[in-house]
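> sequence? don't have it. structure:
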């Protein structure tokens with residue numbers, strides 16, 4: 001088949017591209033700028049902006065399936081920027097799929113679309129969207145996910161996947177952020193109670209997308225549904241972070257700040273940065289404080305049943321592979 005991967009040069013998108021090419025599929029990537037390594041894989045590259053409908057149509061035309069992975073992530077920023085990429089961009093992808101007769105759309109969402117700031121322990125896909133969000137990223141992703149699922153129909157089958165905290169070699173987000181804050185002496189444990197969270201090794205997350213595409217067609221059991229994805233083995237949050245630091249040759253987190261202080265700091269810094277129109281990310285936000293002070297792990301039995309999802313690479317093995325990359329000077 002011919003597949004389009006939006007964000008094909010990114011962490012997850014890139015791994016999806018590699019798996020598609022390994023099995024012999026024709027692949028097209030849609031990104032803002034070119035990636036030489038995609039040329040080496042024999043991937044067709046279309047450059048453009050998700051907010052430009054004409055650019056998206058050029059990328060979608062002639063494809064059999066679209067993996068819409070590209071998104072603007074982050075805990076801070078202007079809503080217009082998140083809305084433009086995550087909502088308008090997704091609406092453009094849906095419209096282009098319908099215009100060009102693409103029958104399958106696999107959308108990469110996030111569990112953050114249903115996180116309301118409290119503990120989510122073993123929750124399944126019946127968990128509702130919250131009425132309020134603590135950051136523009138989960139809010140915009142929730143709007144986009146709703147649009148994708150609503151677009152499911154007899155001509156276009158859609159599915160939304162919610163991988164949680166993807167990690168592994170080449171991770172440009174989670175691991176570098178942890179290491180950078182630790183090296184700067186700014187990493188603090190929030191609260192003292194045990195917290196369990198889900199993580200997902202990159203290979204597992206990418207394979208789940210291919211599984212979803214294989215089982216997706218108009219009227220199929222997976223069409224129009226959202227699925228949580230993880231390694232299926234919740235980890236102690238701060239134990240996981242300490243293990244990442246150990247693989248990077250850094251000491252564990254020893255300093256602690258209470259959860260209420262972290263949340264108060266998040267509100268304070270958000271107001272301060274908003275008041276002075278500061279573009280940099282505040283040292284703490286409400287969203288980050290919530291993510292680091294609550295348990296959030298999910299029931300993935302639906303993905304196992306409907307998608308045939310099997311997390312092949314364990315958390316321990318994934319951390320070992322990450323450590324090898326870190327010791328070799330990579331990320």
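Thanks, I have it. Since we're looking at a predicted model, the values are computed, not measured.

> which residues does the spatially most central residue of the chain contact?
Central residue of the chain (C-alpha atoms, centre = their mean): residue 110, 5.4 Å from the mean position. Going by C-beta atoms under 8 Å, 6 or more residues apart in numbering, residue 110 touches 137, 138, 141, 162, 163, 164. For every residue, glycine as well, the C-beta is placed using N, CA and C.

> In the stretch 201-331 of the chain, what residue spans correspond to helices?
202-215, 237-247, 259-275, 286-291, 301-307, 315-327 (DSSP state H, counting those that start in this stretch).

> Can you go through the contacts of residue 110 and name the buried ones?
Buried residues within the contacts of residue 110, counting neighbours by 16 or more other C-beta atoms under 10 Å: 137, 138, 141, 162, 163, 164.

> And the first one, how far from residue 178?
Remark: distance between residue 137 and residue 178 (C-beta to C-beta, to the nearest Å) = 18 Å.

> swap in residue 98?
Following C-beta to C-beta, the distance that separates residue 98 from residue 178 is 41 Å.

> same question, residue 100
Taken as C-beta to C-beta, the span from residue 100 to residue 178 is 41 Å.

> Residue 199 now?
Using C-beta to C-beta, one gets 12 Å for the distance from residue 199 to residue 178.

> of the two, who's got more company?
Neighbours were counted for residue 199 and for residue 178 using other C-beta atoms under 10 Å; residue 199 has more, 24 against 21.

> From what I see, that one and residue 165 are in contact.
Yes: look at residue 199 against residue 165 with C-beta atoms under 8 Å: they come within range, at 4.5 Å.

> what is in contact with these two at once?
Counting by C-beta under 8 Å, 6+ apart, the shared contacts of residue 199 and residue 165 are residue 230.

> what sits against the residue lying closest to residue 112 once chain neighbours are set aside?
Closest residue to residue 112 apart from its sequence neighbours, by C-beta to C-beta, 6 or more residues apart in numbering: residue 138 at 3.7 Å. Counting by C-beta under 8 Å, 6+ apart, residue 138 touches 110, 112, 113, 115, 287.

> and which of the contacts of residue 110 is nearest residue 275?
When the contacts of residue 110 are ranked by distance to residue 275 (C-beta to C-beta), residue 137 comes first, at 21.1 Å.

> just checking, that closest one is part of a strand?
No: using DSSP: H, G, I helix; E, B strand; the rest coil, the assignment for residue 137 is helix, not a strand.

> separation between it and residue 309?
For residue 137, the distance to residue 309 - C-beta to C-beta - is 25 Å.

> Check residue 63 too.
Going from residue 63 to residue 309 by C-beta to C-beta gives 24 Å.

> And residue 38, by the same measure?
With C-beta to C-beta as the criterion, residue 38 and residue 309 are 26 Å apart.

> so how far is residue 197 from the residue nearest to residue 112?
Using C-beta to C-beta, residue 138 is found at 15 Å from residue 197.

> Repeat that for residue 108.
According to C-beta to C-beta, residue 108 stands 19 Å off from residue 197.

> Of these two, give the one with the bigger neighbour count.
The neighbour comparison of residue 108 against residue 197 (other C-beta under 10 Å) goes to residue 108, with 28 against 23.

> in the sheet, who's paired with the more buried one?
Taking DSSP bridges as the rule, residue 108 bridges to residue 161.

> quick one: it and residue 73 touch, right?
No: Residue 108 lies out of contact with residue 73 (C-beta under 8 Å); the separation is 10.6 Å.

> So for residue 50, which of the helices of the stretch 201-331 of the chain sits nearest?
With C-beta to C-beta as the measure, helix 202-215 is the member of these nearest residue 50 (18.1 Å).

> For residue 94, which non-adjacent residue is spatially closest?
Once flanking residues are discounted, residue 94 sits nearest to residue 151: 4.7 Å by C-beta to C-beta, 6+ apart.

> Correction: the previous question concerned residue 312.
Nearest non-adjacent residue to residue 312, counting by C-beta to C-beta, 6+ apart: residue 204, 6.3 Å away.
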